[in-house]
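>>> Sequence first, predicted model second:
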Amino acid sequence: MDAKQKAYSEWLVVRCQQGDRSALEKLLALWKSRYFTFARYRLDDKDAAQDVLQDALLAICRNLHRLSDPGSFPRWSFTIVERRCVDWQRTRIRDRERLAGGYEADAHIANSQANPIAEAVDAKMDSERMLALLDSELRALLRLYYLEEMSIGDIAEVLDLAVGTVKSRLFYARKKLQEKLVSEQEKPQ
């Protein structure tokens with residue numbers, strides 16, 4: 001996000017806090033696709049990401065008046081999306097535990113896990129397809145750092161991790177991405 005977009009977002013947050021409904025619509029329109037993409041890659045499930053997005057947007061709307069620093073809106077709002085993703089995952093884990101050992105659990109797990117590596121990778125792969133090679137936690141981390149241009153400190157807050165942990169996971173994610181790209185390029189066409 002460039003400085004112009006950041007300033008526009010801050011202005012929209014201030015207008016929203018003053019009760020301007022059209023500013024809220026513009027703010028959500030500006031950020032909605034970013035939240036959806038983050039949730040989709042975090043959860044590996046398009047439908048789940050849509051559900052999480054709706055919950056997160058409601059929480060953002062309900063609590064925007066509490067945000068004291070409009071400049072921290074990206075970090076604050078992505079934290080809400082991340083927490084909704086974690087809640088969704090916890091719910092799925094509880095559901096799977098209830099169905100443990102049953103055929104339904106095995107079928108659900110098999111159907112919900114996508115295999116992004118199975119897709120053909122060409123040499124001019126865009127950032128989204130590169131991220132799809134990694135597991136959801138590493139994708140989320142790289143997305144926040146490179147695509148949303150968040151600082152390591154902000155990412156630590158969003159993902160509720162120590163700064164050192166974020167740094168080491170960024171290192172690990174870059175290494176895994178490089179390994180995946182090399183192995184994909186070595187596959188016969």
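Cool, got the structure.
>>> From here on, just use CA atoms for contacts and neighbour counts.
Will do.
>>> buried stuff in the longest helix seen in the chain?
For the chain, the longest helix by residue count, based on DSSP state H, is helix 73-98. Neighbour-count burial for helix 73-98, counted by 16 or more other CA atoms under 10 Å, picks out 73-86, 88, 96.
>>> go on, stretch 4-22?
For stretch 4-22, by 16+ other CA under 10 Å, it's 6, 9, 10, 11, 12, 13, 14, 15, 16, 17.
>>> next one: stretch 19-38
Per 16+ other CA under 10 Å, stretch 19-38 contains these buried residues: 23, 24, 27, 28, 32, 34, 35, 36, 37, 38.
>>> Could you find the closest non-adjacent residue to the last one?
When you say that, I think you mean residue 38. Nearest non-adjacent residue to residue 38, counting by CA to CA, 6 or more residues apart in numbering: residue 140, 6.3 Å away.
>>> What of the fourth one?
Closest residue in space to residue 28, ignoring its immediate chain neighbours: residue 57 at 7.6 Å, by CA to CA, 6+ apart.
>>> State the distance from the one you found to residue 36.
Relative to residue 36, residue 57 is positioned 10 Å away (CA to CA, to the nearest Å).
>>> got it, and residue 72?
For residue 72, the distance to residue 36 - CA to CA - is 19 Å.
>>> same deal with residue 144?
Where residue 36 is concerned, residue 144 sits at a distance of 13 Å (CA to CA).
>>> any chance you could map the helices in the protein?
Using DSSP H, helices in the chain cover 3-17, 21-43, 46-63, 73-98, 103-112, 127-131, 136-142, 152-159, 163-186.
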